[in-house]
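> A predicted structure for the sequence below; I have some questions about it.
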Number of protein chains: 2
Amino acid sequence: MSVEHHPDHAPLELEHFLPYRLSILSNAVSQAIADDYQRRFDLSMTEWRVMAVLARFDGLSAREVAERTLMDKVAVSRALAKLVEAGWVTRATHDGDKRRSVLGLSEAGWAIHEVVAPMARAHERNLLEKLDDEERTWLVRILDKLQAIEPK
Amino acid sequence: MSVEHHPDHAPLELEHFLPYRLSILSNAVSQAIADDYQRRFDLSMTEWRVMAVLARFDGLSAREVAERTLMDKVAVSRALAKLVEAGWVTRATHDGDKRRSVLGLSEAGWAIHEVVAPMARAHERNLLEKLDDEERTWLVRILDKLQAIEPK
DNA sequence: TGCAACTGGTTTCATATGTAACTATAACGT
DNA sequence: ACGTTATAGTTACATATGAAACCAGTTGCA
């Protein structure tokens, strides 16, 4: 691979610079999805991520949600405040540890999930359809490799 | 490809959801780089991007910088305010169009660039080194394909 | 016990970011 | 020429985000 065409101090060509390209692509994709559910449910990306993880793992504490979503606990706390207020997430106190909360989707929360999850999947499918089978396979493999180490 | 394992309404598995994975990876990578130059020069990512594009294209206007960096004009305006203030970017008025500014790196700006550009490249190289030649080739190809359409 | 260190979660504050309104200049159509 | 419309850039406001301080409640251990 030709990484050495340019001396180190030469101006960066952003459009060929991998971190920049990743950032642009990622933002475009996430934003496109978020726009959808933001418009329909006034749901932010962080809030949706919390709901998505509670849909899979019922009864988590806020800290566990933070771990699963890779969000920090402040962000989770705020998202939860809004979600509980909206009546989409239920919050109880853990027996035996009054610090911990026990979270889950409410009926209404599940109803939202039933709409948003398919939307999100459709966007993903839409994206993957631009690639052929071989490319999709490589992409997953490359992401696996890059992520194996990066999360310090 | 197995996209149909899950009914559409089943809970999303974030860790396999492409947009989420891209977002996590991209943030980790960009943040790692930004941390470096933030600490050393109190330079934000947006500010660095402006400097990077001015290093390549001297004399751009603010709007042109915005186009090149895909940032919106407000973000560029703010970045420029700080960069000019810091003495790293020079700003003059275009002859013949007093609305337009004519931007460029100052001596000091170039000095910063000489340090940051290699840092950024090193991070990129570090990332690419986790892949073999074949994977790198596919990655570029996949990014090209995904980006060809996404930028609506 | 009882107190020091720790953990779950929230609040506060300072900063960043996006949207819309605004100012100044330039271009266009008559 | 001259008013309308468009463009470059900044400012204001409202919201989002991150870091650190904070308040319980819990654990460890003398």
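Structure received. Numbers count the residues shown, from 1 in each chain, chains lettered A, B, ... in the order given.
> And A:Lys145, how far from B:Glu134?
12 Å (CB to CB, to the nearest Å). The C-beta positions use only the backbone N, C-alpha and C, and glycine is treated the same way.
> Ok, A:Ala79 next?
Distance, A:Ala79 to B:Glu134, using CB to CB: 40 Å.
> follow-up on the earlier one: more neighbours: A:Lys145 and B:Glu134, which one.
Between A:Lys145 and B:Glu134, A:Lys145 has the larger neighbour count (other CB atoms under 10 Å in any protein chain shown), namely 15 against 9.
> Which strands or helices does the helix or strand harbouring the more buried one pack on?
Under the assignment given by DSSP states H and E, the secondary-structure element containing A:Lys145 is helix A:133-149. Packed against helix A:133-149, as judged by 3 or more CB pairs under 8 Å, 6 or more residues apart in numbering or on different chains; DSSP states H and E, are the following elements: helix B:18-41, helix B:133-149.
> Doesn't A:Asp95 lie inside a strand?
No: membership of A:Asp95 in a strand is not supported by DSSP: H, G, I helix; E, B strand; the rest coil, which gives coil.
> since we're on it, how many residues are nearby?
8.
> Residue numbers of chain A in contact with DNA strand C?
With CB under 7 Å from any atom of the strand as the criterion, chain A meets DNA strand C at residues A:61-64, A:73-74, A:76-78, A:80-81, A:99-101.
> now, which of those residues lie within strands?
A:Ser101 (DSSP state E).
> picking that back up, kindly reformat the helices and strands packed on helix A:133-149 as CSV and extend each row with mean pLDDT.
What follows is the helices and strands packed on helix A:133-149, written out as CSV (pLDDT from 0 to 100):
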stretch, mean pLDDT
helix B:18-41, 93
helix B:133-149, 92
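> most neighbours per residue, which of the ones you listed?
Each of those was assessed for mean neighbour count using mean count of other CB atoms under 10 Å in any protein chain shown. The highest is helix B:18-41, with a mean of 18.
> Show me what whichever helix or strand comes after that helix packs onto, helices and strands only.
Moving toward the C-terminus from helix B:18-41, the first helix or strand encountered (DSSP H and E) is helix B:45-56. With contacts taken as 3+ CB pairs under 8 Å, 6+ apart, helix B:45-56 sits against helix B:18-41, helix B:62-69, helix B:73-86, strand B:89-93, strand B:101-105, helix B:107-128.
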